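*Asks:* Turn this into a model:
(chains A and B, ligands or ions: 1)
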2 protein chains.
Amino acid sequence: MTTVPDKERLPAQAGFVVEIDKLKRVLRRNTLMDGSRRENDAEHSWHLGMMAMVFGEYAPEGTDLDRVIAMLLVHDIVEIDAGDTFIYDTLAVELQEKAERAAADRIFGLLPAGQTATLRGLWEEFEERRTPEARFAKALDRLAPMLANHHNEGGSWVRHGVTARQVMEKVQIIREGSPALGDYAAELVRLSVARGHLTPA
Amino acid sequence: MTTVPDKERLPAQAGFVVEIDKLKRVLRRNTLMDGSRRENDAEHSWHLGMMAMVFGEYAPEGTDLDRVIAMLLVHDIVEIDAGDTFIYDTLAVELQEKAERAAADRIFGLLPAGQTATLRGLWEEFEERRTPEARFAKALDRLAPMLANHHNEGGSWVRHGVTARQVMEKVQIIREGSPALGDYAAELVRLSVARGHLTPA
Ligand SMILES: [Ca+2]
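*Replies:* Down below sits the predicted model:
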C-alpha cells in the first residue's frame, strides 16, 4: 500500500469505477421482491454480498467469506457488455460464454495490470466453480432469485412458465455450495409448488 | 461455522435478506453517471464496495479492506426506514440520526443476536469514523457522488446550486480517510469549477 499514486494509476482506476456504473443499467429477468420493477445487476450484486455475510455460517468450514464477497461484487461486471442471460435458456448460455470472455478482457483491462489479474481471477474462479468459495458464491447467486420469486407470488417462474424440475437443477447447485442452503431452497420449491407458483413437472 | 442450522435461525436470516431488498427502492439525490435516473442505495453500496477493492492501495497502511467492504455494504441499510438525507442540509442530518438509530434497532434486530451485534457494530463504526477502516469507507462514500457529478455535467451540484466551498468540506473528509484520494477529489473540484459545474464561492 502507498499513499503516493503513480500519475497514470489513479486515473485508470477511476476510469474503471466510472465504467462499471453501467452495471446499474443491466436488467435481470426477476423483479424486486415487491414486484415493482426489474432488478439490475449492481443492486443484485450488493444483495449477494449481504447474503454472504448473513448466511456465511452455512458455507463449508474454512471458506474464506471475504473472498466470497469480493467474488460476488465482481461476478456480473462482464454483463455490462454481454448482457444478462436467463438461466433456463441453454443455447444462449453457450453463446454467452464467448461474449463474457471478450467483456472481461475489455472491462478488467481498464485497470492497472495487477488489478486486472486479481479481478479477472475472481470472475474466472466464480465461473469455474472449483473452489469452496466459488461454489458457495454460486449457491447464493442461485438462491437469490428463488427467494425473490418465492416472496413475489412466483415472479419470473410464473411469467416464464418454469417448472419445479427446472428449479430443482438449481437447487442441486445450491446444495453443492452449501448443504443447509440446499435443503432450505428445496423447501422453498415445495412451498411454491403447493401455492401454485411452480408447476410440478 | 456449522451446516446444521437451528430451526429458528435460518428463517430469521432469510427474513432479514428479504427485508433489505427494500434498500433497492431508497433513492439518492444524485443520478447514475449517465444522468438517466436517480441512483438507489443498494447499487450505490455495491459501487462503494468495488471502489474499496480498486482504490484500496490509497488507504493507510494496515487498513483491513475486507472490513471496509463489509461496512460499506451495510452502511446505508438504516435508510430503509430513515430515508436518504442530502448531505448539505445540516438540520436534516441531525433529525436523521435519531431516525437511523431506531431503524438500526428494528432492521438489524431481525437477525439472530450475534449477527445483530456484528452488523450494527459495522454501521456504528462507519458513523463514528474513529477507525482507519471507517474513515476510508466514509472517504469513498463522499468521493462517489463527486465522481458521478463530475462525469455528468455537474449533476446534483448544478440542480441544488452547491458551491465549491461546500464540496471542499467533503474533500476534507476524503483527505482524512485517504490523503491521495483527497488530492484527487480536490482536483475534480478544480476541474468542475473550471467547467462551470460548481460556483467558486
Ligand atoms: Ca449515505
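
*Asks:* Any stretches of chain A with poor pLDDT?
*Replies:* Filtered on pLDDT under 70, chain A yields the residue ranges A:1-6, A:84-89, A:91.

*Asks:* All the helices of it, residue numbers only.
*Replies:* Under the criterion DSSP state H, helices of chain A are mapped to A:9-19, A:41-55, A:65-74, A:79-82, A:90-108, A:113-128, A:132-150, A:155-159, A:164-177, A:179-194.

*Asks:* hmm, who's touching the fifth one?
*Replies:* Residues from elsewhere that reach helix A:90-108, judged by Cβ atoms under 8 Å, 6 or more residues apart in numbering or on different chains: A:16, A:19-20, A:77-83, A:85-87, A:115-116, A:119-120, A:123-124, A:127. All C-beta atoms are positioned from the backbone trio N, CA, C, and that covers glycine.

*Asks:* rewinding a little: can you redo the helices of chain A as TSV with mean neighbour count?
*Replies:* Below are the helices of chain A laid out as TSV (neighbours: other Cβ atoms under 10 Å in any protein chain shown):
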stretch	mean neighbour count
helix A:9-19	18
helix A:41-55	26
helix A:65-74	25
helix A:79-82	20
helix A:90-108	15
helix A:113-128	17
helix A:132-150	24
helix A:155-159	19
helix A:164-177	18
helix A:179-194	18
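
*Asks:* Which one of those lies nearest to residue B:157?
*Replies:* helix A:9-19 (16.6 Å; Cβ to Cβ).

*Asks:* what helices or strands is the closest one leaning on?
*Replies:* Counting contacts by 3 or more Cβ pairs under 8 Å, 6 or more residues apart in numbering or on different chains; DSSP states H and E, helix A:9-19 is packed against helix B:41-54, helix B:132-150, helix B:179-194.

*Asks:* Who does the strand of greatest length in chain A pair with, and is each partner parallel or antiparallel?
*Replies:* For chain A, the longest strand by residue count, based on DSSP state E, is strand A:27-31. Looking at strand A:27-31 with DSSP bridges, its partner strands are strand A:38-40 (antiparallel).

*Asks:* how distant is the partner strand from the center of its chain?
*Replies:* 13 Å (Cα atoms, centre = their mean, to the nearest Å).

*Asks:* and stretch A:49-61, C-alpha only, in CSV?
*Replies:* Extracted as CSV, the C-alpha positions of stretch A:49-61 are listed here (Å, rounded to 0.1, in the frame of the first residue of the first chain):
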residue,chain,number,x,y,z
GLY,A,49,-22.7,-9.7,-0.8
MET,A,50,-25.0,-9.2,2.1
MET,A,51,-26.3,-12.7,1.8
ALA,A,52,-22.7,-14.0,2.1
MET,A,53,-22.3,-12.1,5.4
VAL,A,54,-25.7,-13.3,6.8
PHE,A,55,-25.6,-16.9,5.5
GLY,A,56,-21.8,-17.3,5.9
GLU,A,57,-22.1,-19.9,8.7
TYR,A,58,-23.7,-22.3,6.1
ALA,A,59,-20.5,-22.3,4.0
PRO,A,60,-18.2,-25.3,4.5
GLU,A,61,-15.7,-24.9,7.3
